[in-house]
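Undergrad: Could you work out the structure for the sequence below:
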Amino acid sequence: MLELVRAGGWPMIPLLLLSVIALAIIVERFWSLRRKVVLPPGLGPEVRAWAGKGRLDPAHIDSLRRNSPLGALLAAVLDVRHRPREEIRERTEDVGRHEVHRMERYLNTLGTIAAAGPLLGLFGTVVGMIQMFLGILDQGIGDVNQLAGGIGKALVCTAAGMIVAIPALAFHRYFRGRIAAYIVDMEHEAFQLMDALDPRAAAAQRAAAAQPPAGAPPVRAGASVD
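TA: Reported below is the predicted structural model:
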């Protein structure tokens, strides 16, 4: 491995640095985006129980806001619980955008590494090829085997760039997908809390869901349905 790094020349140094940074970001994001950290189990039902019992003092809400991203979203709903539902929804969306930004921290850097790795590897290969052909210009072709070896060494940077970029791209997309799934679950919990704070709206939604679709013939009592 050390010989390959030496063969790639000085362009291998930034590639090695990018690989270390990418590995650090991947480990940190795995730790920070654990489900129990973002969506603590049982937090949604617990907050709805608070709302049902009227335990919504500022200390409880501040503690909830510091609990997790889901807690911050639910605390935002509770902060404006006395306002119309549309205003609560707008506040939830605003806070949700901030939480998404926090959860996507360092992902832009990871995406940049995925894009820059192959380019930097190609740059190292071009530099190696230029040096090799300048040597041929000064000393002639010489041994063909030596020429093939020089080309192989120049291509080491291209391979190294791909080795850095492919895992970075894969984990970048993986973390984006995980965050998107978290956001869906967080919105679901926020809407359930809104319904708990406004039981009339929840009852209206249940009644609307129970009504038959428009244009459907009414079912007469005693009539069989095939």
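Undergrad: Name the residue closest to the centre of this structure, please.
TA: In the chain, the C-alpha nearest the mean C-alpha coordinate belongs to R176, at 2.8 Å (CA atoms, centre = their mean).
Undergrad: so what's that residue scoring on pLDDT?
TA: Note on R176: pLDDT of 95.
Undergrad: Identify the residue spatially nearest to it, adjacent ones excluded.
TA: In space, and not counting its chain neighbours, R176 is closest to L107: 6.7 Å by CB to CB, 6 or more residues apart in numbering. Just so you know, the C-beta spots here come from the backbone N, C-alpha and C atoms, and that holds for glycine as well.
Undergrad: re earlier: secondary structure element holding the residue nearest to the centre of the chain?
TA: helix 156-197 (DSSP states H and E).
Undergrad: From the chain's centroid, how far away is that helix?
TA: When distances are taken as CA atoms, centre = their mean, to the nearest Å, helix 156-197 is centred 3 Å away from the chain's centroid.
Undergrad: rewinding a little: does the residue nearest to R176 really touch Y174, like I thought?
TA: No. Counting by CB atoms under 8 Å, L107 does not reach Y174; the two are 10.2 Å apart.
Undergrad: between the two, who's got more neighbours?
TA: When neighbours are counted by other CB atoms under 10 Å, L107 and Y174 differ, and L107 comes out ahead with 17 against 14.
Undergrad: end to end, how far does stretch 62-75 reach?
TA: Using CA to CA, to the nearest Å, one end of stretch 62-75 lies 7 Å from the other.
Undergrad: Quick one: mean pLDDT for stretch 24-41?
TA: 94.
Undergrad: Pull out the buried residues from that stretch.
TA: By 16 or more other CB atoms under 10 Å, the buried positions in stretch 24-41 come out as I25, I26, R29, L33, V38, L39.
Undergrad: Check stretch 168-180 too.
TA: Buried residues in stretch 168-180, defined by neighbour count with 16+ other CB under 10 Å: A168, L169, F171, H172, F175, R178, I179.
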